[in-house]
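[1] What would the 3D arrangement of this be:
(one chain, ligands or ions: 1)
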Amino acid sequence: MEKPKVIILLGPPASGKGTQAKILAKRINYKYFGTGDLLRSEVEKGSDLGKKFATAMESGGLIPDELTDPLIKAKLGELKDFGVVIDGFPRNLHQVATLKQVFPEENFLVLNIVLSADSVMERMLKRRICKKCGKIFIIEIGEEKFCDVCGGKLIQRADDNPQVLAKRIKTYGEQTKPLIDYYKNIGKLSDIDGEPPIPGVTRGIEKVI
Ligand code: ADP
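    The predicted structure is shown next:
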């Protein structure tokens with residue numbers, strides 16, 4: 001198969017999309033585009049917009065499209081001439097349309113990472129992120145660990161806690177899950193088993209690509 005120009009990773013929160021998207025982009029020499037990281041970097045700037053993003057993120061809902069559109073469209077514009085691996089976008093049908101305006105869908109491959117509800121829950125509670133470089137780790141509860149890349153401190157994301165977790169799963173079910181059918185219907189979707197450890201999922205992705 002001709003290599004798709006746009007590879008989208010779809011899946012529930014904490015399914016490993018971010019980890020796999022970064023591995024894949026590096027391996028095939030594509031640009032990585034993750035809305036989670038992009039939007040969190042705005043939060044870190046402490047701008048008014050960032051404060052609004054934080055409120056939405058910590059509620060477990062999506063950030064309203066009218067707030068994210070300018071940032072996301074600008075970034076997509078920069079990427080339009082490259083091969084790109086996308087993580088965390090699109091997340092609703094409005095975003096499907098936004099993406100389609102920049103990249104023709106015949107060049108898409110959508111990898112749907114499939115993970116049970118129990119595994120989603122467990123991973124969300126064990127997920128830590130390096131404060132310095134953003135690398136993602138799954139730790140054992142109570143374990144003290146530092147980043148193996150830069151030695152940075154591992155912290156829990158504000159939205160990875162049991163209160164926000166249920167809402168994020170609900171948001172995914174209501175707004176993002178329908179995209180599975182959308183991309184399936186246009187013949188662009190492949191399911192990937194998200195249950196194995198990281199290298200196993202990577203192998204599953206490589207088989208499809
Ligand atoms: P996860 O995939 O584990 O949910 P992300 O880092 O991709 O984590 O996203 C964290 C939060 O950022 C989401 O719950 C949502 O509030 C916000 N977010 C990320 N991407 C988008 C997007 N494309 N549109 C709206 N909100 C988004």
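[2] C-alpha only now, for contacts and for neighbours.
    Noted.
[3] Give me the below-cutoff pLDDT ranges for the protein.
    1-2 (pLDDT under 70).
[4] distance between the longest helix seen in it and the chain's centre?
    Secondary structure assigned by DSSP state H gives helix 65-79 as the longest helix of the chain. Centre-to-centre, helix 65-79 and its host chain are 16 Å apart (CA atoms, centre = their mean, to the nearest Å).
[5] for this structure, what spans make up the helices?
    17-28, 35-45, 48-59, 65-79, 93-102, 117-126, 162-171, 178-185, 198-208.
[6] Can you check what angle separates the shortest one from helix 93-102?
    For helix 178-185 and helix 93-102, the angle between their directions (axes from the mean of the first three to the mean of the last three CA atoms, to 10 degrees) works out to 40 degrees.
[7] What lies in contact with helix 178-185?
    Helix 178-185 is contacted from outside by 10, 91, 92, 93, 110, 112, 189, 190, using CA atoms under 8 Å, 6 or more residues apart in numbering.
[8] Help me see whether it makes contact with the ligand, please.
    No: using CA under 6 Å from any ligand atom, helix 178-185 never reaches the ligand; the gap is at least 12.6 Å.
[9] export that helix as PDB, just CAs?
    Taking C-alpha atoms only, helix 178-185 is exported to PDB below (Å, rounded to 0.1, in the frame of the first residue of the first chain):
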ATOM      1  CA  PRO A 178     -18.600   8.200  16.700                       C
ATOM      2  CA  LEU A 179     -15.500   9.000  14.600                       C
ATOM      3  CA  ILE A 180     -14.700   5.300  14.600                       C
ATOM      4  CA  ASP A 181     -17.800   4.600  12.500                       C
ATOM      5  CA  TYR A 182     -17.100   7.700  10.300                       C
ATOM      6  CA  TYR A 183     -13.600   6.500   9.300                       C
ATOM      7  CA  LYS A 184     -14.700   2.900   9.100                       C
ATOM      8  CA  ASN A 185     -17.400   3.900   6.600                       C
END
